[in-house]
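Chemist: The following comprises the amino acid sequence and a computationally predicted model.
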Amino acid sequence: MPLGRVTDPCRVSMANADSSGANHPDTPPTGLLSRYVFSADHKTIGLNYLWLALFSVFLGMAVSLLLRVHLAWPGVRLSFLSSLGNLPDRFAALTTLHGSLMVFLVLTAAPQAGFGNYFLPLQIGAREMAFPKLNLLAFWLTAVSLFGMTTTFFFSPQPAITLWIVSVAIFCAASLLNALNFSVTTIDLRAQGMTLPRLPLTVWAWFINAILGALIFSILLAACVCLLSDRLMGTHFFPVVNFVSTQPAGAVANAVPVLWRRLFWFFAQAEVYVALLPCFGLTTHLISTFSRKPVWKQRLVVLALCGVGLFGFCVWGQHMFSSGMNPSSPLVFSLLASSLGLPATILVISWLATLWNARIQLNTAMLFALGFISLFLSGGLSGIFLTRHNLAAAAAVSDDFVTGHFHLVMGVAATFAVLGALFFWFPKLFGRRLNEPLGKLHFWLTFAGVYCVFMPMHWLGLIAHSRVSAGGDLTSIALPGSSIHTFITVAILLTVFAQGLFLINFLWSLFRGEKVMEWNPWRATTLEWSVSTPPPADDFGATAPVVYRGAYEFSVPDAAEDFVPQHLAPEQVVKARKAGE
Amino acid sequence: MPGTTAIPEIEVIVKDIGGGGGGPTPPPGGGDDGDGSGDDRNRRRRWSPSPKRYSTAITIGIVSILMFFMALASAFIVLRRSSDLWVTVHLPRILWANTCVLLASSFTLESARQRLYLADASGFRKFWLMTTVLGFLFVAGQLVAWRQLVAQGVYIASNQASSFFYIFTGAHAVHLLGGVGALLFVGFRKFEKTKISLPAAAEITSYYWHFMDGLWIFLLALLYLGK
């Protein structure tokens, strides 16, 4: 056992690391398995997450299509589903499958684990994540959990539910490992000069999100452990009787163990922000880059991101207004939930102020970022109604309003941000561009489609509300098979068709798209554009990058170019001006 | 294309500043504008991740584990207050002995680190081994406590209090066994080939071990006061 006289642990291990060399080979390993399946390289893992998300999003979309077809044309029989027997169960199983795939494997995995793994080290000037092997383990746990969630559909309800809970618990473990890796990488592996104020906002968002994830996924894991123990070992952590005894008589029909709801929503409400936080970062990044302007009030935006994380952690009760909590607590949660409007407003104002008077480059990535703002605003506005505890209690009777609200703000808005990021980073990922005209067509069809799908859902929820309050005769149009359901379903069919355009664009561009030889085709400032396209196996090569400035130095008055990359030393900027003259 | 002009310049710059200003560690928050002067020795220094990452990771891991147990503890408190099914579980006496064993292990761990600081290799080895044995002893003691409860006919599904007893002790033991694994790793690993030094590994293990210790005191207090 080596026992040196040196007592500073950091210094000793630094020397060890230097003498033995980092364990990252400079040449990529050959062989299919070691290059793609068991590679601990952050870029490979990030891409693998994106492939998982791509698979899940199309599967989830297909499932939602089946659900909507059933609501619009209840008489239609699909032989594949009929053969599985017991159709009401299958409908519920489809709903669960759609929700789990979209929330866990798409909204949680793609913006954070996918793009985050690929670009977080590149943007902060590190060559690897802090713990590459943990990262690999987290990816494979996620893949196992995807497999588990998908196969639940083919089992009978009781074993399927147990399998689903196990899959969710595995996903929690994977997310915790991810959160650990992301936060440690951001704290300790930043390149020289990459101070906190100089971090790109994408990195800030990933970082805050990782902290939030480290806190909330533990809660869901604990809840899953208790639930599994209830199901497998006969314990009574979540007894229904416990709920009934403290309830007003009117709400008993809806009996769900209140303790489970608390633990679940403590996770799930924050999960909304886990999905959205990286998207805020991505959108801010895209808007600044394609407006050629610095982010307006960058530090305030960072504070707002922290605020979203903090408030998002405190508002779980707003899902339980109708569950018979302490009578004064709905008001508290209502106020807390409303105060989320403050950071959200700061973000929106910053985006609009950045866009103000800018020379906007309206490419597909920028269109998707703008689409994100639109959807976030629309969904956020309907959210204001839901923070009113008396209104939300009424809306809980029919959750179409809630469904419309969270699909707009969480599902579709986040997907738009992810698509924007994909169009933005595709040249760096694959050395080719996605087709712009096809991308714009895809954007406009999707943009119109999602509004046609989710706005009528708000309307449906309000109709259901009027049924409760006034007993009106509007109820007939809210029944399955009515015209409004048919309209939504047709709109979904068209939207899904538009996603076919995206798939064609994606696959075609992957192999035949316009080649990008430049390192920095968008003329962006962050470090990932300072390496070749696609990035080499060892990212920055033998030398560590040094950072000299903030992440959004666009249209700097003295410089000839309208952007100054982060790694450009001050004396080099002067040279750039002379070259321009 | 306007963007292309920047690229050759960038390459020049990378060569110019490569590794320049390289302090001992890539400092988080270090380096100001134009901080380009530094050791030429480090010019071709290989990139290596900061060794501080281990202690940061254990801190975040501890917070995460704490949230896990807080979720369970809040469930305990909520059910304790509102449940109609609550039947008190009498804690086996051996738990108090186990607690002493665990507390003692924290002291031996600190003694071991003290010896390490004084470059006393055999003393370190002795106390470290003692800590590991005490860790195993604690887990064995918990198993005995389980056996005693089972002998009384108290199983995990008997009532909510017993469920919480088994879940708390079980989850804590699983986490503690992770700590024992770390103790074994530090005790038997040859540190010439690892990326972390022995004192750093011992320090990080000690954070986790003391946390496990404190967590157990908290859980025991919860179980005792919640009787």
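Modeler: Done, it's in.

Chemist: Specify the local secondary structure of the residue of the stretch 401-550 of chain A found nearest chain B.
Modeler: Proximity of the stretch 401-550 of chain A to chain B (CB to the nearest CB) peaks at residue A:543, 3.7 Å away. Just so you know, the C-beta spots here come from the backbone N, C-alpha and C atoms, and that holds for glycine as well. Classification of residue A:543 using DSSP: H, G, I helix; E, B strand; the rest coil returns coil.

Chemist: Now the phi/psi pair for it, please.
Modeler: With angles defined as degrees, to the nearest 10, residue A:543 sits at phi -100, psi 140.

Chemist: Could you grab the helix/strand/coil label for residue A:190?
Modeler: coil.

Chemist: before we move on, the earlier item: tell me, how many residues neighbour the residue of the stretch 401-550 of chain A closest to chain B?
Modeler: Using other CB atoms under 10 Å in any protein chain shown, residue A:543 has 19 neighbouring residues.

Chemist: Please state the mean pLDDT value computed over stretch A:500-512.
Modeler: If you average the pLDDT over stretch A:500-512, you get 95.

Chemist: on that earlier part again, what pLDDT does the residue of the stretch 401-550 of chain A closest to chain B get?
Modeler: Residue-level pLDDT assigned to residue A:543 equals 77.

Chemist: what about residue B:210, how many neighbours?
Modeler: Residue B:210 has 16 neighbours, counted by other CB under 10 Å.

Chemist: contacting residues around it?
Modeler: Applying CB atoms under 8 Å, 6 or more residues apart in numbering or on different chains, we find residue B:210 in contact with B:106, B:109.

Chemist: Which helix or strand contains it?
Modeler: With secondary structure defined by DSSP states H and E, residue B:210 is part of helix B:198-225.

Chemist: likewise residue A:224?
Modeler: In this assignment (DSSP H and E), residue A:224 forms part of helix A:201-233.

Chemist: name the helices or strands packed onto that helix?
Modeler: helix A:115-124, helix A:157-188, helix A:258-291, helix A:298-312, helix B:53-82, helix B:160-188 (3 or more CB pairs under 8 Å, 6 or more residues apart in numbering or on different chains; DSSP states H and E).

Chemist: Pass me the low-pLDDT residue ranges in the chain, would you?
Modeler: No chain specified, so I'll use chain A. Filtered on pLDDT under 70, chain A yields the residue ranges A:1-30, A:82, A:84-87, A:240-256, A:317-328, A:388-398, A:464-481, A:574-581.

Chemist: That was the other one, I meant chain B.
Modeler: For chain B, residues meeting the criterion pLDDT under 70 lie at B:1-47, B:84-85.

Chemist: Spatially central residue for it, please.
Modeler: Nearest to the mean C-alpha position of chain B, by CA atoms, centre = their mean, lies residue B:208 at 2.7 Å.

Chemist: Number of residues surrounding the residue nearest to that residue when sequence neighbours are not counted?
Modeler: Leaving aside its chain neighbours, residue B:208 sits nearest to residue B:179 (5.3 Å; criterion: CB to CB, 6 or more residues apart in numbering or on different chains). Using other CB under 10 Å, residue B:179 is surrounded by 22 other residues.

Chemist: now residue B:179: how far from residue A:554?
Modeler: Distance, residue B:179 to residue A:554, using CB to CB, to the nearest Å: 50 Å.

Chemist: circling back to that earlier point, residues contacting the residue nearest to residue B:208?
Modeler: Shown in contact with residue B:179 (CB under 8 Å, 6+ apart): B:135, B:205, B:208, B:209, B:212.

Chemist: And these, which is closest to residue B:166?
Modeler: Residue B:166 has its nearest neighbour among the contacts of residue B:179 in residue B:212, at 18.1 Å by CB to CB.

Chemist: my read: the closest one touches residue B:174, true?
Modeler: No - taking contacts as CB atoms under 8 Å, residue B:212 lies outside contact range of residue B:174: 10.7 Å.

Chemist: Look at the two and report which has more neighbours.
Modeler: Taking residue B:212 and residue B:174 together and counting by other CB under 10 Å, residue B:212 has the greater number of neighbours (24 against 10).
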